[in-house]
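# Sharing a sequence plus its predicted fold:
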Amino acid sequence: MSEIKELMIKINKFVQERDWNQFQKPKDLAISLALESAEVLEHFQWKNGDELTVYLAENKNDLGEELADVFVYLLELSQSVGVDLIEATHQKIAKNALKYPVDKAKGNYKKYNEF
């Protein structure tokens, strides 16, 4: 069994034990995903260079918790709408490889339509 499937079993058990399925609708999961993503951004706001480097080293666990929240909501949302996240990711990487060929994209920050 993949680690993703094992995580989903744990997450589903956690949600079921608390009777939270009634609240776990796709819209609400998407909102929660965005809100938790914003909490990740708070760790970076107003910090640059060495200050950011030091902050991240000293707050790695706090940042990790926020990233885990984002990951959990992403997994729950993908499950609730029937998207195989692993397969969707493989497809997206293949699509991006066509949009961003190495000879044009390497070392270039521009969007594919600006090459």
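Thanks, I have the structure now. Since this is a predicted model, take the numbers as computed values, not measurements.
# looking only at pLDDT, what's the mean for the longest helix along the chain?
When the chain is parsed with DSSP state H, its longest helix is helix 60-80. Mean pLDDT, computed over helix 60-80, is 98.
# Stretch 91-110 now?
Looking at stretch 91-110 alone, the average pLDDT works out to 96.
# Checking residue 82 next. Helix, strand or coil?
coil (DSSP: H, G, I helix; E, B strand; the rest coil).
# what about it, distance to residue 62?
33 Å (C-beta to C-beta, to the nearest Å). Backbone N, C-alpha and C define where each C-beta goes, glycine included.
# quick one: stretch 39-46 to chain centroid distance?
The chain centre lies 15 Å from the centre of stretch 39-46; the measure is C-alpha atoms, centre = their mean, to the nearest Å.
# now stretch 59-74
Put simply, stretch 59-74 sits 9 Å off its chain's centre (C-alpha atoms, centre = their mean).
# Show me what that stretch is in contact with.
11, 29, 32, 33, 36, 37, 39, 40, 43, 56, 85 (C-beta atoms under 8 Å, 6 or more residues apart in numbering).
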